[in-house]
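Trainee: No letters, just coordinates:
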């Protein structure tokens, strides 16, 4: 769905809670839901405003997703001339004044602000539940989506589920225990699953459906280690895939070729950017193609070499895997000649191709692309079902079959059949199969902002950053500190009730 971000990007000043810095010196006027919301269309507009915040430079356009990538063992710093804030996130030496965090923390709360406004506005219209519950469900899904990121990145965070009309009250907020936040996220997703439609108009994937909500329920239960519930939700999505229009795209490259169709069948939830358009506050500014693209290449493929895999990530990936070909640029036109990565002008390593190779309508560096980024796709639901099932029952024909579906697609080289990767061998132990699934996630979802969450939830940091097979060694990684990022210092200065800071910062 192509939403006109500038139109729908609401600046609901009294509801922008955290990240307003000095609320005493910069008071804002008071508004109430009854003054803002007169019709269901007004509620929908507020929800679209929340999508506008997500499709911004601060979140899915660069800052937040870059931080997730740099934190994992798949994406390293390329050009060391990039600002120190990025190197600190990557190198596990950030402090509580890191500017990447300062940028994305308030934007997630602005997403939440818009959803809370929409919910409050819908509730005061007094219309039949059948008319308003789907909109409330959509707002609650987006709120749950925002908190599912905040709680994984920061742990205990302020949980706000109401429309704020008095900015002074923000200074009284405290941090909510992560377990309580997770419980609230689950309630939001469960309400969404019950009340959202099976499909949105034109089957667009940038608005959630029952299938989207169930997929995220599976994801949050997997994160919490509730494996039976994660399997149940993922299996429900798989069993109802035809109702929702879900399936694997035949060609893996299709997923990363802008402009994508708005109803791409593998997309369960997509973040939709509009090509060559931008708005205030970084709205619709997608900078991931240049952030991951090769500095010094010929336009329209010239990037900045900021987020670049380590050489070992490339070298250890079997060349027979079509997903490797789609995921990497290991050669590029430079001065009109095809050049291998060994002579790239800035960072002489293979670069990420998923975003820069086919950025669609964009500028000469790939900025302002019209990618529809898959925040969740059907392949991930298969992976969740396989992992959760394996945790409960070990390897079964069903769980092995889910991995084989993904591998079968990977054997399609743009219409030419190959024999790699082979189907999963039988006779694996439970742990060996789970390890295989985690490796399949690493490859299938490479550079899609998932790997850090896998490292975090499985507590793999000491293995992937310090172990003998580390793809990106960081001996200073500390399990006592680095699974969480710090609460921004400015937030603690404005509101001391947010103390204590996360350990180690």
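Mentor: Arrived safely. Everything quoted here is computed from the prediction, not taken from an experiment. Residues are numbered from 1 along each chain as shown.
Trainee: I figured residue 460 was touching residue 454, is that so?
Mentor: Yes. Applying CB atoms under 8 Å as the test, residue 460 and residue 454 come out as touching, 7.3 Å apart. Bear in mind the C-beta positions are built from the backbone N, C-alpha and C, glycine included.
Trainee: more crowded one of the two?
Mentor: residue 454 (19 against 16; other CB atoms under 10 Å).
Trainee: Just give me the neighbour total for residue 482.
Mentor: Around residue 482 there are 21 other residues, counting by other CB under 10 Å.
Trainee: so where does it fall, helix or strand?
Mentor: For residue 482, there is no enclosing helix or strand under DSSP states H and E.
Trainee: likewise residue 399?
Mentor: helix 397-410.
Trainee: Show me what that helix is packed against.
Mentor: Helix 397-410 is packed against helix 378-393, helix 430-444, with contacts defined by 3 or more CB pairs under 8 Å, 6 or more residues apart in numbering; DSSP states H and E.
Trainee: winner for burial among those helices?
Mentor: Each of the helices and strands packed on helix 397-410 was scored by mean neighbour count; the highest is helix 378-393, a mean of 24, by mean count of other CB atoms under 10 Å.
Trainee: mean confidence for that one?
Mentor: Taken as a whole, helix 378-393 has a mean pLDDT of 98.
Trainee: tell me what it is packed against?
Mentor: helix 210-224, helix 227-239, strand 267-272, helix 397-410, helix 430-444.
Trainee: helices or strands next to the second one in the packing?
Mentor: Based on contacts counted as 3+ CB pairs under 8 Å, 6+ apart, the elements that helix 227-239 packs against are helix 210-224, helix 378-393.
Trainee: before we move on, back to that, JSON lines for the helices and strands packed on helix 397-410, including distance to residue 493?
Mentor: Putting the helices and strands packed on helix 397-410 into JSON lines (distance: least, CB to CB, whole Å) gives the following:
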{"stretch": "helix 378-393", "distance to residue 493": "39"}
{"stretch": "helix 430-444", "distance to residue 493": "39"}
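Trainee: got the residue ranges for the helices in the stretch 101-250 of the chain?
Mentor: For the stretch 101-250 of the chain, applying DSSP state H, counting those that start in this stretch gives helices covering 129-154, 178-195, 210-224, 227-239, 241-244.
Trainee: scratch that, the stretch 251-400 of the chain
Mentor: 288-292, 311-315, 322-327, 378-393, 397-410.
Trainee: possible to save those helices as JSON lines with distance to residue 281?
Mentor: Shown next, in JSON lines, are the helices of the stretch 251-400 of the chain (distance: least, CB to CB, whole Å):
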{"stretch": "helix 288-292", "distance to residue 281": "18"}
{"stretch": "helix 311-315", "distance to residue 281": "34"}
{"stretch": "helix 322-327", "distance to residue 281": "31"}
{"stretch": "helix 378-393", "distance to residue 281": "30"}
{"stretch": "helix 397-410", "distance to residue 281": "38"}
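Trainee: Among those helices, which comes closest to residue 117?
Mentor: Judged by CB to CB, the one of those that comes nearest to residue 117 is helix 288-292, at 28.6 Å.
Trainee: other SSEs contacting that closest one?
Mentor: helix 63-71, strand 307-308.
Trainee: most tightly surrounded among the ones you listed?
Mentor: strand 307-308 (a mean of 28).
Trainee: I'd like the average pLDDT over that one.
Mentor: For strand 307-308, mean pLDDT is 98.
Trainee: and residue 164, what pLDDT?
Mentor: As summarised for this prediction, residue 164 has a pLDDT of 87.
Trainee: Show me where the protein dips below the pLDDT cut-off.
Mentor: Applying pLDDT under 70 to the chain flags the ranges 1-33.
Trainee: If we use 50, what do you get?
Mentor: Within the chain, the segments meeting pLDDT under 50 span 1-30.
Trainee: Counting neighbours, what do you get for residue 469?
Mentor: The number of residues packed around residue 469, counting by other CB under 10 Å, is 8.
Trainee: circling back to that earlier point, among the helices and strands packed on helix 288-292, which is nearest residue 391?
Mentor: helix 63-71 (24.0 Å).
Trainee: May I see the helices and strands packed on helix 288-292 organised as a markdown table, with distance to residue 229 added?
Mentor: Output for the helices and strands packed on helix 288-292, formatted as a markdown table (distance: least, CB to CB, whole Å):
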| stretch | distance to residue 229 |
| --- | --- |
| helix 63-71 | 25 |
| strand 307-308 | 34 |
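Trainee: so residue 228 touches residue 389, yeah?
Mentor: No. Between residue 228 and residue 389 there is no contact under CB under 8 Å: 9.3 Å.
Trainee: Now do the shared contacts for these two.
Mentor: Counting by CB atoms under 8 Å, 6 or more residues apart in numbering, residue 228 and residue 389 have no shared contacts at all.
Trainee: Looking at the helices and strands packed on helix 227-239, spot the one closest to residue 158.
Mentor: Distance to residue 158, taken as CB to CB, is lowest for helix 210-224 among the helices and strands packed on helix 227-239, at 18.9 Å.
Trainee: related to what we said a few turns ago, can you tell me which of the helices and strands packed on helix 288-292 is nearest to residue 178?
Mentor: Checking the helices and strands packed on helix 288-292 against residue 178 by CB to CB gives helix 63-71 as the closest, at 17.8 Å.
Trainee: That closest one - contacts with which helices or strands?
Mentor: helix 84-91, helix 99-123, helix 288-292, strand 307-308, helix 451-458.
Trainee: Residue 75: what's it in contact with?
Mentor: Contact analysis of residue 75 by CB under 8 Å, 6+ apart lists 69, 90, 307, 308, 309, 352, 447.
Trainee: got it, and residue 314?
Mentor: By CB under 8 Å, 6+ apart, residue 314 lies in contact with 324, 328, 330, 349, 350.
Trainee: Among those residues, which one has the most neighbours?
Mentor: residue 350 (26 neighbours).
Trainee: Please give me every residue in contact with it.
Mentor: 309, 311, 314, 328, 329, 330, 341.
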